[in-house]
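> I'd like to go over a predicted model; first the sequence, then the structure.
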Amino acid sequence: QVQLVESGGGLVQTGGSLRLSCAATGLTFGFRPMAWFRQAPGKEREFVACIRWLGDETYYADSVKGRFTISRDNAKNTVWLQMDGLKPEDTAVYYCARKIGSISDYSNRRSYDSWGQGTQVTVSS
């Protein structure tokens, strides 16, 4: 059973930066794509970014493209999300997740089988 643990969230002002980390314990990532999702109060959980096992393909939601960067180190079983140029609308609980199968359908949260507990990101205006 893979356990994912996120960290790095916090309170930041508009325009600031945060770097989220997601560490896997128990087992490795298992050659799977990894992703970040987020959920704001009263809203559905939404896709943020995804990265293929080799790190050679990345995908982003339009709302974060050019501001966020996803990366991974398979030897360390860790995935990061560098968030720059943060905006109040980025406020949410951020979750990392391990995907089932290939990277196709990466924005569908039902195609992920392991989730972390989430880390809160709050951006003040």
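It's in.
> what secondary structure does residue 110 sit in?
Three-state call for residue 110 (DSSP: H, G, I helix; E, B strand; the rest coil): helix.
> burial check on it, number of neighbours?
By other Cβ atoms under 10 Å, the residues close to residue 110 number 7. Placement of C-beta: from N, CA and C, glycine included.
> what helix or strand is the most centrally placed residue in the chain on?
What sits nearest the mean C-alpha location of the chain, by Cα atoms, centre = their mean, is residue 36, with 2.0 Å. Under the criterion of DSSP states H and E, residue 36 resides in strand 34-39.
> residues contacting that strand, please?
20, 22, 45-51, 70, 72, 79, 81, 90, 92-99, 106, 109, 112, 118, 121 (Cβ atoms under 8 Å, 6 or more residues apart in numbering).
> try stretch 80-94
Here stretch 80-94 makes contact (Cβ under 8 Å, 6+ apart) with 6, 9, 12, 14-22, 36-40, 43, 48-49, 63-64, 67-72, 96, 118-125.
> and it, how far apart are its ends?
12 Å (Cα to Cα, to the nearest Å).
> quick one: buried residues of that stretch?
By 16 or more other Cβ atoms under 10 Å, the buried positions in stretch 80-94 come out as 80, 81, 83, 86, 90, 91, 92, 93, 94.
> which two from those end up farthest apart in space?
Based on Cβ to Cβ, the longest span within the buried residues of stretch 80-94 runs between 80 and 91 and measures 19.5 Å.
> residue contacts, the closest residue to residue 70 other than its chain neighbours?
Spatial nearest neighbour of residue 70, excluding adjacent residues (Cβ to Cβ, 6 or more residues apart in numbering): residue 49 at 4.0 Å. By Cβ under 8 Å, 6+ apart, residue 49 lies in contact with 35, 36, 58, 59, 60, 61, 64, 68, 69, 70, 81.
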